[in-house]
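1. Can you look at this prediction? I've put the sequence above it.
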There are 2 protein chains.
Amino acid sequence: MAILFGEHIRELRTKQSMLLRQLASQLDVDTSIISKVERGDRQLKKEQIPLLAQILKADVEELQTLWLADQLYNMVQGEPMADEALKSVSKQIKKTK
Amino acid sequence: MAILFGEHIRELRTKQSMLLRQLASQLDVDTSIISKVERGDRQLKKEQIPLLAQILKADVEELQTLWLADQLYNMVQGEPMADEALKSVSKQIKKTK
DNA sequence: ATTGTCTTGACAAATATTGCCAAATATAAT
DNA sequence: ATTATATTTGGCAATATTTGTCAAGACAAT
């Protein structure tokens, strides 16, 4: 279970004294979803990130990067060959660019 | 669309003069699926890899690594922050180990 | 033109994800 | 301890995605 993204969101939210339900309503989702997102047992949809960034006055790209990292982490976590696969993909995308 | 895994499979299969339908039947899927897998527009299920490795007399871990790399590639491809996210995950899994 | 192999697209079945709700659990104030 | 407020958790239905099957098409070789 990934946590980088959720921890970051929670920090941004609490620093602004914003309640779960306030963030949730602005993002148009149920409070429980934000709770789960912040604790890492639920992922937001990619398309929700820009609005989330706006609400939290955060950098969109940073959030997108954290979000993506969480997805990747979920995919490789527990896999013995995780690191090798990650490196191989790094190389691959450099080539294709 | 990822291709590392598929290319590798096709090479292993053809070098043994094995037909798509032979591989498919042993793996208990339709021929069309293997065709698509080899061309990279379909992913096998993770659980199918060990049997596939056995059929092709290939190294399970190598295939699993390639398979995982393909999944990751599909996830990050086209994302501007792909590389940063990949690196961040690499660091993260080293910590947790 | 026939046969054998591979490819492609459409569809249904199986799985997984998402949002919603209600109940449970904290947290804080009085 | 009671109340009020905030957060967490789990179950379920709706939705979306993935997987497998089938049938038709492309391509070679003969």
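-> Structure received. Residues are numbered from 1 along each chain as shown, chains lettered A, B, ... in the order given.
2. count of neighbours near residue A:5?
-> Counted with other C-beta atoms under 10 Å in any protein chain shown, residues neighbouring residue A:5 total 24. (C-beta placed from N, C-alpha, C; glycine too.)
3. Also residue A:96?
-> 9.
4. Need the pLDDT of residue A:19.
-> Listed pLDDT for residue A:19 reads 96.
5. what does residue A:77 give?
-> At residue A:77, the predicted lDDT confidence score is 92.
6. what packs against the top helix by length along chain A?
-> As assigned by DSSP state H, the longest helix anywhere in chain A is helix A:60-76. Applying 3 or more C-beta pairs under 8 Å, 6 or more residues apart in numbering or on different chains; DSSP states H and E, one finds that helix A:60-76 contacts helix A:4-15, helix A:49-55, helix A:82-96, helix B:60-76, helix B:82-96.
7. I'd like the ones you listed as a markdown table, with distance to DNA strand D appended.
-> Shown next, in a markdown table, are those (distance: least, C-beta to the nearest atom of the strand, whole Å):
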| stretch | distance to DNA strand D |
| --- | --- |
| helix A:4-15 | 7 |
| helix A:49-55 | 14 |
| helix A:82-96 | 17 |
| helix B:60-76 | 8 |
| helix B:82-96 | 17 |
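8. how about CSV for the ones you listed, with distance to residue A:73 added?
-> Output for the helices and strands packed on helix A:60-76, formatted as CSV (distance: least, C-beta to C-beta, whole Å):
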stretch, distance to residue A:73
helix A:4-15, 7
helix A:49-55, 16
helix A:82-96, 9
helix B:60-76, 11
helix B:82-96, 5
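9. just the ones you listed: most buried one?
-> Highest mean neighbour count of the helices and strands packed on helix A:60-76: helix B:60-76, a mean of 21 (counted as mean count of other C-beta atoms under 10 Å in any protein chain shown).
10. returning to that earlier point: ok, residues contacting the longest helix of chain A?
-> A:1-6, A:8-9, A:40, A:43-44, A:46, A:49-50, A:52-54, A:82, A:85-86, B:68, B:71-72, B:75-76, B:79-82, B:84-86, B:88-89, B:92-93 (C-beta atoms under 8 Å, 6 or more residues apart in numbering or on different chains).
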